[in-house]
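> This is a predicted model, with the sequence first.
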Amino acid sequence: MERYDVVKATEQIHISEEMQEEIIMNVQNHTKNLEDQKRNWKRRASAAAVAVLVLGAVSIPAQAVVKNMVLTRMESIPREEVKEINDIVQSKLSEADEFSREYSESEAERYKEFWQAYKEGKFPENDIAQADKAEDAPEGTLCYIRPTGVFNLPDREMTDEEILEIIDFQHKMSYAVSQSPAAQKARAEMQTKQE
């Protein structure tokens, strides 16, 4: 197997560069050994099976780490903040969040892209600004109005950071609601019924 092919194969797996280089070197070493032993097809088949198993074993934990990045982020939120966010969600006047204006086409596309990137560990640098009244929101900036559940969007095109802040806060709200006493009680009742 050529180095280029190995590099291409390992690029599809979410692992560190050091581990990627180690796998490439191991596969190259195995390949050289295999070329020396072309007549022995059993060894070639075994080495190929081992390589597949190693790559598969490495990719599964790496994918699990990526999937748990959001959960780890949510679990790192202080309990007081989780309770506060849940209180905001429970006390807001409308069921669904609203936006002060529609997203532009570009913002809508970037929102979709960043929703996926967020799941893969791309988080905002800052938390979204919040206010109790629209009048208190800093002018020209993104702000969440707590009592109404309105994302007050700036009149200009939003930055990537602002879009990530919205996505992050939406995840935090969902997580906070899932950690509320009512949600925990409902989960416990469902688990009891299933048992």
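Perfect, I can see it now. What you are looking at is a predicted structure, and each value in this text was computed from that prediction instead of being measured.
> can you list contacts of stretch 130-139?
A129, C143, Y144, I145, R146, P147, T148, V150, N152 (Cβ atoms under 8 Å, 6 or more residues apart in numbering). From N, CA and C alone the C-beta is placed, and that goes for glycine too.
> So which of the residues you listed are in strands?
Members of the contacts of stretch 130-139 lying in strands (criterion: DSSP state E): A129, C143, Y144, I145, V150, N152.
> List the residues that contact the fourth one.
Under the criterion of Cβ under 8 Å, 6+ apart, the neighbours of I145 are Q130, A131, D132, K133, A134, A137, F151, N152.
> Quick one, which of these are buried?
Among the contacts of I145, the ones that count as buried by 16 or more other Cβ atoms under 10 Å are Q130, A137, F151, N152.
> Using pLDDT, spot the least trustworthy of the residues you listed.
Within the set of the buried ones among the contacts of I145, pLDDT is lowest for A137 (90).
> Now do it against A96, distance only.
Separation of A137 from A96 (Cβ to Cβ, to the nearest Å): 20 Å.
> Work out for me the element the nearest residue to L142 once chain neighbours are set aside sits within.
Leaving out its chain neighbours, the residue that sits closest to L142 by Cβ to Cβ, 6 or more residues apart in numbering is E162, at 4.4 Å. With secondary structure defined by DSSP states H and E, E162 is part of helix 160-178.
> What helices and strands are in contact with that helix?
Packing partners of helix 160-178 (3 or more Cβ pairs under 8 Å, 6 or more residues apart in numbering; DSSP states H and E): helix 41-75, helix 79-91, helix 105-119.
> rank those helices by mean pLDDT and give me the bottom one.
helix 41-75 (a mean of 58).
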